[in-house]
Every structure is written in C-alpha cells, then in structure tokens.
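1. What shape does this take:
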Amino acid sequence: MRRQIALTENPDGLWTAYDTATKTVTQGTTRDEALERLDAAIEAAEPRTESGDRDEIDPEDPLFSGDPITSGDMGDETIDDVLYGVVDEGDETRR
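-> Coordinates of the predicted model:
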C-alpha cells in the first residue's frame, strides 16, 4: 500500500503526522517522534490472526469496502425500540 503522510509543525512546537489512507493522526515533540508514533499506531491497528500473524483483509469483504453498513427501513422505530420495546410516554416504570 502506498502511504501519503502530512507532517505539520504546530504553533505550540509539537509536530503532527497524519496518514491519509488510514486517517491516523499522532503527535510528537520532534518530526521523528511524530512519524515513529504514526508507524506504531498503524502497526498496532492492523488485524492479526490468532497466532499473532498479520491477517490479510479481503478488499471484497463488505465490512471493509469503505461503504457504510446500513440497516433496512425501520420506519419510525429506533434501535432502542427494537432492543427494549417501545416506551409509552406515560410509562414511568420503563425509564
């Protein structure tokens, strides 16, 4: 994967490193520290198998496609209605 990183010196003297592909942001007191922390954060976030090896993500997997996962039409129901039942406004025992 090709990485594009934005490195910025902030007015307070800290450095911010931002990886555009993973949307990971870190800071450090030096440029090198910010970049080292960025590498560590990205490494820590990579999926692993049970044996500790890196797990390859299938780009065809809908969970990793980048598209939002949505539910079917719930009409006026909320997720709380589905999980806990509809609360009647006058029902003080359900609060």
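
2. got the contact list for stretch 26-42?
-> Residues from elsewhere that reach stretch 26-42 (C-beta atoms under 8 Å, 6 or more residues apart in numbering): 5, 7, 9-10, 13-19, 22, 24-25. In short, each C-beta sits where N, CA and C put it, glycine included.

3. Same list (these) but as TSV, adding neighbour count, pLDDT and distance to residue 32.
-> As requested, the contacts of stretch 26-42 are exported to TSV (neighbours: other C-beta atoms under 10 Å; pLDDT from 0 to 100; distance: C-beta to C-beta, whole Å):
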residue	neighbour count	pLDDT	distance to residue 32
5	14	91	13
7	12	93	10
9	12	94	13
10	10	92	16
13	8	93	14
14	14	93	13
15	19	94	9
16	16	94	13
17	23	93	10
18	17	93	16
19	18	92	16
22	14	87	20
24	17	91	17
25	14	93	16
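
4. Those residues in strands, which ones?
-> Under the assignment DSSP state E, those contribute 5, 7, 9, 15-19, 24-25 to strands.

5. By mean pLDDT, which helix or strand of the protein comes out lowest?
-> The weakest-scoring helix or strand in the chain, judged by mean pLDDT, DSSP states H and E, is helix 79-84 (a mean of 66).

6. How about the contacts made by the residue nearest to residue 9 when sequence neighbours are not counted?
-> The spatially closest residue to residue 9, leaving aside those adjacent along the chain, is residue 15, at 5.6 Å (C-beta to C-beta, 6 or more residues apart in numbering). When contacts are counted by C-beta under 8 Å, 6+ apart, residue 15 is found next to 7-9, 27-31, 33-34.
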